[in-house]
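# Here is a sequence with its predicted model. Questions after.
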Amino acid sequence: MAFDYDIIVVGAGPAGANFARLLDTRRYRVLMLDGSAGRDKVCGGLISPDAQDILARYDLSLPREILATPQLFSVRTVDLDSGMTRYYRRSYMNVDRRRLDDFFRGLVPETVERMIGRCESVVREGDGYTLTVSGKRLSCRLLVGADGASSVVRRSLFADCKIMRYTAIQQWFPAEDVNPYYSCLFDSATSTGCSWIFFKDGSLIFGGAFDTHGARQAFEAQKRKLVEHGLVSAEVLAVPIRTEACTVLRPRIGQGICLGEAGCFLIGEAAGLISPSSFEGISYALYSGEALADAMNGGSDHRTVLHRYRR
């Protein structure tokens, strides 16, 4: 069977872009699908020390226009059940997430073809895969799903691999004051996940991961608790600039992570690779993209590639 491409990468975020950047494209004809053009990703936009270590290993530094203020050097952890507060040092780079994604996409070599369009369906046909992208049919021998928590690739081909799902809700509020802490909040009455507060370029951001059923009600209840505990004033939380929501995944030990099979590979959050405690995903996205690229650069067939990638 003749394929349009050797590899199609569904998703052009940090996972897909890093994979495409590091892949030996002399061996493959590659298409990277970008379905996020013009849309902001619901994300805090904080680069963890783990992700910073990966960038340092790549000898990459971020341009000034990507950085946001303030830069964060500690975490304030608040347990709303007990009222206890603790601080610890951990440096995060505060960034503009859309510009960060553009930066990573800009590192992808021109040998990788890029198409703007959303993947609508994926089916396995013969020895490869057929995708419908904005009404157009495309085929490939190998498929890489890098399309995040709501991955069409994972949903279409690995529906039996279950993983816990939350609804992340985040609101932006105008705020003149700048608190240098990234606050991580826990409240068992409203969520089994965590929530967060931090500042970015004149805005206060409050968000959290909530059980999908009743997520908005739990989010609003937690906002009221922030005021009751004196963490944020009612005036600041009165009128949000914007409200965002998306799906986030939470793997458990031995459950939820799916790296692929039969010539289809998943990276980043599509694979379930995300911190189950903080929901940080950029470091996992970068490293899994690198790991799969290394596996493909050294593997001779999809079984060998999968074995190398899993290791």
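Arrived safely. Numbers count the residues shown, from 1 in each chain.

# tell me the secondary structure for the nearest residue to residue 179 once chain neighbours are set aside?
Nearest residue to residue 179 in three dimensions, chain neighbours excluded: residue 199, at 5.9 Å (Cβ to Cβ, 6 or more residues apart in numbering). In this view, the C-beta of every residue, glycine as well, is placed from N, C-alpha and C. Put simply, residue 199 is strand when judged by DSSP: H, G, I helix; E, B strand; the rest coil.

# Residue 199 pairs with what?
residue 204 (DSSP bridges).

# Surely it touches residue 175?
Yes: applying Cβ atoms under 8 Å, one finds residue 199 in contact with residue 175, separated by 6.3 Å.

# who has more neighbours, those two?
residue 199 (21 against 18; other Cβ atoms under 10 Å).

# Tell me which other helices or strands the helix or strand harbouring residue 265 touches.
According to DSSP states H and E, residue 265 maps onto strand 264-266. Counting contacts by 3 or more Cβ pairs under 8 Å, 6 or more residues apart in numbering; DSSP states H and E, strand 264-266 packs against strand 136-145, helix 152-157, helix 302-310.

# Using PDB, write out every CA atom in the first one.
In this case it means strand 136-145. C-alpha atoms of strand 136-145 as PDB (Å, rounded to 0.1, in the frame of the first residue of the first chain):
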ATOM      1  CA  LYS A 136      -9.500  15.600   3.700                       C
ATOM      2  CA  ARG A 137      -8.300  12.000   3.800                       C
ATOM      3  CA  LEU A 138      -4.600  11.300   4.600                       C
ATOM      4  CA  SER A 139      -2.700   8.100   5.100                       C
ATOM      5  CA  CYS A 140       0.500   7.100   6.900                       C
ATOM      6  CA  ARG A 141       2.500   4.000   7.800                       C
ATOM      7  CA  LEU A 142       3.200   5.200  11.400                       C
ATOM      8  CA  LEU A 143       1.100   7.500  13.500                       C
ATOM      9  CA  VAL A 144       2.000   9.700  16.500                       C
ATOM     10  CA  GLY A 145      -0.700  11.000  18.700                       C
END
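
# Please point out which parts of that strand sit buried.
138, 139, 140, 141, 142, 143, 144, 145 (16 or more other Cβ atoms under 10 Å).

# quick one: average pLDDT of that strand?
For strand 136-145, the mean per-residue pLDDT is 97.

# Run the angle between it and helix 302-310 for me.
What separates the directions of strand 136-145 and helix 302-310 is an angle of 50 degrees, with axes from the mean of the first three to the mean of the last three Cα atoms, to 10 degrees.

# re earlier: and of the buried residues of strand 136-145, the nearest to residue 191?
Of all the buried residues of strand 136-145, residue 145 has the smallest distance to residue 191: 27.8 Å, by Cβ to Cβ.

# Relative to residue 105, how far out is that closest one?
17 Å (Cβ to Cβ, to the nearest Å).

# Repeat that for residue 262.
Applying Cβ to Cβ to residue 262 and residue 105 gives a distance of 28 Å.

# Looking only at neighbour counts, state which of the two leads.
residue 105 (21 against 15).

# Phi first, then psi, for the more buried one.
phi -60, psi -30 (degrees, to the nearest 10).

# Quick one: residues contacting the spatially closest residue to residue 187 that is not a sequence neighbour.
Spatial nearest neighbour of residue 187, chain neighbours left out: residue 80 (4.0 Å); criterion: Cβ to Cβ, 6+ apart. Residue 80 sits next to 185, 186, 187, 189, 222, 225, 229 when contact means Cβ atoms under 8 Å, 6 or more residues apart in numbering.

# Helices of the chain, start to end?
14-22, 49-57, 97-106, 152-157, 215-228, 282-298, 302-310 (DSSP state H).

# any weak-confidence spans in the chain?
Across the chain, the ranges flagged by pLDDT under 70 are 1, 37-42.
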